[in-house]
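J.: Sequence and predicted model, in that order:
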Amino acid sequence: MKRIKLNNTIVLILSVCIILNLTACGEAKVPDTQVSEETEDLVVVGFSQVGAESDWRKANTQSMKDTFTRENGYELILSDAQQKQSNQITTIRTFIQREVDYIVLAPVTEDGWDTVLSEAKEANIPVIVVDRQVNVSDDSLFDCWVGSNFRLEGEKVGEWLHRYFVQNEIDEAGVNIVNIKGTLGASSQIGRSGGLSISARKYNWNLLAEAEGEYTQARAREVMTNLLNKYDNINVVYCENDNEAFGVIEAIESAGLKIGPDIADGQIMIVSFDGVSEQAIELAKEGKISCIGECNPLHGPRVRKIIESLEKGVRPEKFEYVDESIYSSIDSIREIQVDEKAYPITILK
Ligand code: AHR
């Protein structure tokens, strides 16, 4: 059952305004979601989004917008944190004041959520965490989480690289890899960097350097340019998302170097994550990105399913991991294994 959003005080204020025809009432700080009569039957969802740093993020926001429509019975209040946790904390407090029915949080980083999520719990507002995770002292501060297994994504790309090196008789002790990390402290960064460290240790790769690319094309271009000035032996670049790969490609090409999987012939190989934009898929088809670990952004319907079950009083799974693929146009590797489980590769043509 949907909750009625107009509380008695607001009904009273609105009634007085209508009766006295006070124009000044138009300036009152009553949120839009509570003014409209239609809103009465809508479930109000406050969504605190990380920002718009990548194609993945834009697709994720769109998925939420497409799902939480009035036609579907929802009022979505979307807030863009511009990659700042402090903005998200302020937004969540606003959602609490507005008495939204659900708070959906896509956190910038994992740490620092205890206080504000305790406030949401105190106000009895269910919290659904999406995409990256929160690291809280008490698990009851959020209802559930849905997103990707970022460490597994990293390990899958690591295994793909290993298979490629073995197939092409490349001495793995000669692999000099740099990691262009995502936003430091984000689960996707922690997981993917962790996956790379596991593979580097296991297969004796030289993890030459790490730099923060912030999941953006511009920052990745800048840090890659610096790395190319410092090292002349980089032969693999591990980009923690596709937008970083775009920046890395620009940096490598500006330096007059060649991109591709043939590292024995002096090319620099690039691998990345997401596989959301046309541009990334095209670059993978061209061989400029050798392998992409899929990160699925379409969480809108998943969050809706969670809300529907909470509305019915049914507790959803605390953690829901999404199944994901691996993309490559190199068709000699059809499958990789992580922890004895096989994962097929989606071959791009
Ligand atoms: O947390 C998911 C990551 O965040 C995506 O891989 C990246 O593109 C985004 O900005």
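T.: Yep, it's here. Note that the coordinates shown come from a computational prediction; the quantities given were computed from them, not determined experimentally. Numbering: from 1, shown residues only.

J.: per-residue pLDDT, the residue most central in space within the chain?
T.: Nearest to the geometric centre of the chain sits D131, at 5.0 Å (CA atoms, centre = their mean). Looking at D131, its pLDDT reads 98.

J.: do the same with K305
T.: 98.

J.: ok, it to the ligand distance?
T.: Distance from K305 to the ligand, counting by CB to the nearest ligand atom, to the nearest Å: 20 Å. Every C-beta, even on glycine, is put in place using the N, C-alpha and C of the backbone.

J.: Relative to I281, how far out is D66?
T.: To I281, D66 is 21 Å away according to CB to CB, to the nearest Å.

J.: Tell me which of these two has more neighbours.
T.: Legend: neighbour count by other CB atoms under 10 Å for D66 and I281, higher for I281 (17 against 12).

J.: ok, the more buried one touching L348?
T.: Yes: with contact defined as CB atoms under 8 Å, I281 reaches L348; the gap is 6.3 Å.

J.: overlap in contacts of the two?
T.: Y327 (CB atoms under 8 Å, 6 or more residues apart in numbering).

J.: How confident was the prediction at N235?
T.: N235 is assigned 98 on the pLDDT scale.

J.: whoops, C17 was the one
T.: We have a pLDDT of 31 for C17.

J.: And the strands in the stretch 101-250 of the chain?
T.: Assigned by DSSP state E, counting those that start in this stretch, the stretch 101-250 of the chain shows strands spanning 102-105, 127-130, 144-147, 176-181, 206-212, 236-239.

J.: Dump the ones you listed to a markdown table, plus distance to the ligand and mean neighbour count.
T.: Output for the strands of the stretch 101-250 of the chain, formatted as a markdown table (distance: least, CB to the nearest ligand atom, whole Å; neighbours: other CB atoms under 10 Å):
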| stretch | distance to the ligand | mean neighbour count |
| --- | --- | --- |
| strand 102-105 | 13 | 26 |
| strand 127-130 | 10 | 24 |
| strand 144-147 | 8 | 21 |
| strand 176-181 | 11 | 24 |
| strand 206-212 | 13 | 17 |
| strand 236-239 | 10 | 27 |
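
J.: Do a quick rundown of the helices in the stretch 151-300 of the chain.
T.: Counting by DSSP state H, counting those that start in this stretch, the stretch 151-300 of the chain has helices at residues 187-203, 217-230, 242-254, 278-286, 300-311.

J.: quick one, which of these is nearest to L105?
T.: The closest of these to L105 is helix 300-311. By CB to CB, the value is 10.7 Å.

J.: interface residues of the stretch 1-150 of the chain facing the ligand?
T.: Contact residues (CB under 6 Å from any ligand atom) of the stretch 1-150 of the chain with the ligand: 53-54, 56-57, 131-132.

J.: between those, which is nearest V314?
T.: D131 (22.9 Å).

J.: How about the backbone phi and psi for the closest one?
T.: Taking degrees, to the nearest 10, you get phi 70, psi -100 for the backbone angles of D131.

J.: That one: what's it in contact with?
T.: So D131 contacts 50, 60, 106-107, 147-148, 187-188, 299 (CB under 8 Å, 6+ apart).

J.: ok, 7 Å please
T.: Counting by CB atoms under 7 Å, 6 or more residues apart in numbering, D131 makes contact with 60, 106, 147, 299.

J.: Just the buried ones out of these, please.
T.: Taking 16 or more other CB atoms under 10 Å as the criterion, what is buried in those is 60, 106, 147, 299.

J.: Can you tell me which of those residues is closest to L228?
T.: Using CB to CB, those come closest to L228 at N60, 31.4 Å.

J.: my guess is the closest one contacts N296, does it?
T.: No: when contacts are counted by CB atoms under 7 Å, N60 is not listed as touching N296 (9.3 Å).
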